[in-house]
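[1] quick check, what structure comes out for this input:
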Amino acid sequence: VVGIALGAAMPVAAEQLSFRQFTQKDGLVDDHVRCLLEDSRGFLWIGTVSGLSRFDGERFVSYDMEDGLPHPSINVMLEDARGRLWLGTGAGLALMLPARDGSGRLFRTFTFGDLPLANAVNALRVDRSGHLLVATSRGLWSVPGGVGEPEFARVELCCPEGAELLDPIGDLAETADGSLWLATEAGLFRRQPDGRLAGYPISRSPDDVETQQVLVDHAGRVWVTGYGAWVFVPDPAGPDAGFPLHAAPPADPQRPLRLPVRAGEAVELSGMPKSGYGEILEMRDGAVWVSTTSGGFVFRPGGVQRLSKGKGLVADDLGALLEDSCGNVWIGTGAQGLMRLGSLSLTAFTTADGLATLAATSGFPDGEAGVIVTGNPAASVVHALRGAHFVPFRFSFPQTLQDPGWGWNQATMRDSRGEWWVPTA
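    Predicted structure coming up:
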C-alpha cells in the first residue's frame, strides 16, 4: 500500500438532470402538451393539442371531441373550490360534468361571442373574491363562484384615452391589492380594483410590445415575459400612467442576481430570449421557473440555472410547468411529450462534468471534499465534488510501481489525518 498526495484540479462542466419521459407510446393523447394541472384528488391532467389526458400514476385515460370537448386544443385548466374542472379551449370554455349526460357527453361548453377569437380561452384564474376569470383573445369575463347557473359578465377594460382593450389576453395574475395584471398582444396592463387601466410598456418599438406570461410571486414581485423578461415591484398606489419597463436596467450577468425589493424598482433579466415563452411558475422553495422554446431557466436568489437538451432534457421546446404535491416537477414539450423530474431523482455525471473516467469503483463522504469518487483502476484517479462539478486528482506513484491496480474490488480511502491509502498490485 502506498500513501500519496493529491495533484492539481482540471476545469469542469455543468451537471445533467435525470428525467422520466411520457409520450403517446405510454398512452398520452398527444406529444404536444399545452397545460398541466394536479387536482385535489391527486390526478394529473394533461392538456394537449389533440385532447385531454388524465394520469393516475400508472396509466393514462384520454378524452377528445367525441366526449364533448368543443375543440381539440386545451390551452389552460383550473379546478375551482367546488372541485369542478374548467378547460379553456380554442373554441370555448368547457366544464367537466360529474357524469355523462343523456347524449353521452362529459363536457358542457360556454361561449362568449360569434367570432372565433372571442371563444379562444387563453387563461383562467379565481380571484380574491372567488370569481372565475376567463381571459380570451377578445376580452375578459367573470362569473361568481356560487352554486347556481354560471352567469358570465364582461369585465370592462378601458384604456386611459377611452378606447376599449380588445387585444388577445394571453395570461393574467393578481396582486395583493386586488389589481389584475394582463399580458396581452398590446403589452402589459394593470387593471386596478376601481377599474382604472394602466400600461407598463416593455419596448419603445410598436413591433415589440407583446407580452406572453405574467406571474406574481410570494413577495409581490411581478414577472413578465415578452420581447425579453422583466421582474419588478409595483407601486401599491398604482399611478394611471404605469411606468416603462423598457427603461429598467439589465441584470449584470457577471454578478449574483439581485431581485428588486422596493416599490417601483425593476430589472431586465439578462440572457433571455426575445420570444417563444411558455410559462412562468414559482415553486414551493421560492425558485421561479421560466420555460421557452429554447430551454428553461430557473431563478434562485443569487443565480440562474439553465435547463436544456444538452443538460439532460429530451427537448428544448418547453411549455407547461407544474410542481405536484410530492415535489415532482412536470414539464410539457412541443413534440416530445411530458417530462417528470422527481424530487428524489438521480443526477447523472459524466466526463462533461469533470469525471476523468466513466468507470467509477467507489464513492464515499469526506469531511474536506464533501464526496470522493474513485476511478478504475482504484489507484488511477480520484474526484472531489465541488458544488455541482467534480475535480479530478491523479496520484504520483514511485517509478518502481509499474502496475497501480487491477480490479473493481479494490477500495481507496482517506483516514482521519487526511492521508490517502491506495491498494496497488
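[2] touching, Arg59 and Gly27? I think so.
    Yes: the pair Arg59 / Gly27 is scored as a contact, 5.9 Å apart, by CB atoms under 8 Å. From N, CA and C alone the C-beta is placed, and that goes for glycine too.
[3] ok, the two, which is more surrounded?
    Gly27 (14 against 10; other CB atoms under 10 Å).
[4] look up the closest residue to the more buried one, ignoring the ones flanking it.
    Phe60 (3.5 Å; CB to CB, 6 or more residues apart in numbering).
[5] what's the answer for Leu355, then?
    Leu355's closest residue in space is Phe390 (CB to CB, 6+ apart), at 5.3 Å.
[6] ditto for Ser142
    His131 is the one closest to Ser142 (CB to CB, 6+ apart), at 4.8 Å.
[7] what residues are up against the one you found?
    By CB atoms under 8 Å, 6 or more residues apart in numbering, the contact set of His131 is Ser142, Val143, Pro144, Gly145.
[8] what's the pLDDT at it?
    Looking at His131, its pLDDT is 94.
[9] in three-state terms, label the residue nearest to Leu355 for me.
    Classification of Phe390 using DSSP: H, G, I helix; E, B strand; the rest coil returns strand.
[10] Met77 and Trp45, how far apart?
    Using CB to CB, to the nearest Å, Met77 is found at 6 Å from Trp45.
[11] common neighbours of the two, please.
    Leu36, Leu37, Leu85.
[12] which among those count as buried?
    Leu36, Leu37, Leu85 (16 or more other CB atoms under 10 Å).
[13] how about the contacts made by the last one?
    Residues counted as contacts of Leu85 (CB under 8 Å, 6+ apart) are Leu37, Asp39, Trp45, Met77, Leu78, Glu79, Leu95, Met96.
[14] repeat the analysis, applying 10 Å as the threshold.
    37, 39, 43, 45, 52, 54, 77-79, 94-97, 107 (CB atoms under 10 Å, 6 or more residues apart in numbering).
[15] pLDDT value on it, please?
    97.
[16] average pLDDT across stretch 247-267?
    Rounded mean pLDDT across stretch 247-267 is 87.
[17] now swap in stretch 373-384 and tell me
    Mean predicted lDDT for stretch 373-384 stands at 71.
[18] ok, back up a step: joint contacts of Arg59 and Gly27?
    With CB under 10 Å, 6+ apart as the test, Arg59 and Gly27 both reach Ser53.
[19] quick check: Gly332 vs Gly187, distance?
    Taking CB to CB, one finds Gly332 at 26 Å from Gly187.
[20] look at those two and report which has more neighbours.
    Neighbour count, other CB under 10 Å: between Gly332 and Gly187, Gly332 has more, with 27 against 23.
[21] and the helix or strand harbouring that one, what does it pack onto?
    Per DSSP states H and E: Gly332 is located in strand 329-333. Under the contact definition 3 or more CB pairs under 10 Å, 6 or more residues apart in numbering; DSSP states H and E, strand 329-333 sits against strand 20-22, strand 33-38, strand 44-48, strand 277-282, strand 288-292, strand 295-300, strand 318-323, strand 338-341.
[22] go through these and name the closest to Leu157.
    Each of the helices and strands packed on strand 329-333 has some distance to Leu157 by CB to CB; the shortest is strand 277-282, at 21.9 Å.
[23] with only the CA atoms kept, save that closest one in CSV.
    Output in CSV follows, covering the C-alpha atoms of strand 277-282 (Å, rounded to 0.1, in the frame of the first residue of the first chain):
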residue,chain,number,x,y,z
TYR,A,277,-42.0,31.9,-23.9
GLY,A,278,-44.1,29.1,-22.4
GLU,A,279,-44.9,29.5,-18.7
ILE,A,280,-43.7,31.2,-15.5
LEU,A,281,-44.1,29.2,-12.3
GLU,A,282,-43.0,29.8,-8.7
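[24] for it, give the mean pLDDT please.
    So the average pLDDT for strand 277-282 ends up being 96.
[25] if I take that strand and strand 33-38, what angle do their directions form?
    20 degrees (axes from the mean of the first three to the mean of the last three CA atoms, to 10 degrees).
[26] chain center to strand 277-282, what's the gap?
    5 Å (CA atoms, centre = their mean, to the nearest Å).
[27] so what strands line up beside that strand?
    Partner strands and pairing direction for strand 277-282 (DSSP bridges) are strand 288-292 (antiparallel).
[28] and Tyr277, what does it touch?
    Tyr277 neighbours (CB under 10 Å, 6+ apart): 170-171, 183, 211-213, 224-229, 290-294, 318-319.
[29] what does Leu140 give?
    With CB under 10 Å, 6+ apart, Leu140 has these contacts: 112, 123, 133-134, 154-157, 165, 169, 172, 180, 182, 184, 191.
[30] what's the local residue count around Gly102?
    Neighbours of Gly102 (other CB under 10 Å): 5.
[31] what about it, distance to Gly68?
    Taking CB to CB, one finds Gly102 at 12 Å from Gly68.
[32] leaving out the residues flanking it, which one is nearest to Val314?
    Gln336 (4.8 Å).
[33] tally of neighbours for that neighbour?
    The burial count for Gln336: 21, using other CB under 10 Å.
[34] do the same with the one 4 residues further on
    Here the neighbour count serves as a burial measure; for Arg340 (other CB under 10 Å) it reads 17.
[35] so what's it up against?
    So Arg340 contacts Phe19, Arg20, Gln21, Phe22, Leu44, Phe55, Leu322, Asp324, Asn328, Val329, Trp330, Ile331 (CB under 10 Å, 6+ apart).
[36] for stretch 140-152, buried residues please.
    Leu140, Trp141, Ser142, Val143, Gly145.
[37] how about stretch 168-184?
    So for stretch 168-184, counting by 16+ other CB under 10 Å, buried means 168-175, 179-184.
[38] of the residues you listed, which is the nearest to Leu358?
    Asp171 (43.7 Å).
[39] Phe232 reaches Glu268, doesn't it?
    Yes: when contacts are counted by CB atoms under 10 Å, Phe232 is listed as touching Glu268 (9.5 Å).
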